[in-house]
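Engineer: coordinates only, sequence not included:
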């Protein structure tokens with residue numbers, strides 16, 4: 001038998017995951033401090049110093065004081081990234097080389113896809129009809 005009982009192993013794993021969660025929260029707070037454009041340099045320095053000198057109290061105070069706006073900023077950044085991605089896809093699709101291709105080129109591409117087995121017979125016929133109809 002082992003000298004390390006199951007409950008001790010469970011508590012060790014629990015403490016390890018709490019430790020990991022703490023560091024994730026700490027890094028998220030520090031990231032939010034530096035990515036917030038509404039804070040001036042002194043406020044950023046103050047929060048960073050507070051979080052580094054008294055980490056538990058600093059993170060708790062930051063979450064109480066700025067927790068709601070932290071979530072709102074995260075959502076706004078995600079929405080801005082989504083809009084930028086959609087704009088990029090629209091721009092890339094508009095400038096795709098297929099825009100200036102002839103019908104013969106598109107039919108040759110479709111035939112190659114069909115011969116290679118990438119599209120089924122039904123998909124090939126539907127795409128071919130789409131290309132041939134003006």
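Structural biologist: Nice, I can see it. Keep in mind the model is a prediction, meaning the values are calculated, not measured. Residues are numbered from 1 along each chain as shown.

Engineer: hey, which helix is longest across the protein?
Structural biologist: When the chain is parsed with DSSP state H, its longest helix is helix 55-94.

Engineer: so, low pLDDT: which residues of the chain?
Structural biologist: 1-2, 93-100, 134 (pLDDT under 70).

Engineer: if you set the cut-off to 80 instead, what comes out?
Structural biologist: Regions of the chain meeting the criterion pLDDT under 80 cover residues 1-4, 90, 92-103, 133-134.

Engineer: and it, what are its domain boundaries?
Structural biologist: 1-67, 98-134 (automatic domain parsing).

Engineer: quick revisit: buried ones in the longest helix of the chain?
Structural biologist: Using 16 or more other C-beta atoms under 10 Å as the test for burial, helix 55-94 gives 58-59, 62, 66, 70, 73. Every residue, glycine included, has its C-beta placed from N, CA and C.

Engineer: quick revisit: any chance of the domains of the chain in CSV, plus distance to residue 78?
Structural biologist: Below are the domains of the chain laid out as CSV (distance: least, C-beta to C-beta, whole Å):
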stretch, distance to residue 78
domain 1-67, 12
domain 98-134, 31
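
Engineer: any idea which residue is closest to the centre of the chain?
Structural biologist: Geometric centre of the chain, nearest residue: residue 78, 7.5 Å, by C-alpha atoms, centre = their mean.

Engineer: that one: what's it in contact with?
Structural biologist: Not one residue lies near residue 78 by C-beta atoms under 8 Å, 6 or more residues apart in numbering.

Engineer: and stretch 102-121, how far out from the chain middle?
Structural biologist: 35 Å (C-alpha atoms, centre = their mean, to the nearest Å).

Engineer: tell me which residues in it are buried?
Structural biologist: Residues of stretch 102-121 classed as buried by neighbour count (16+ other C-beta under 10 Å): 106, 110, 114, 119.

Engineer: what's the closest of the residues you listed to residue 19?
Structural biologist: Comparing the buried residues of stretch 102-121 against residue 19 with C-beta to C-beta places residue 119 closest, at 52.0 Å.

Engineer: against residue 45, how distant is residue 26?
Structural biologist: For residue 26, the distance to residue 45 equals 17 Å [C-beta to C-beta, to the nearest Å].
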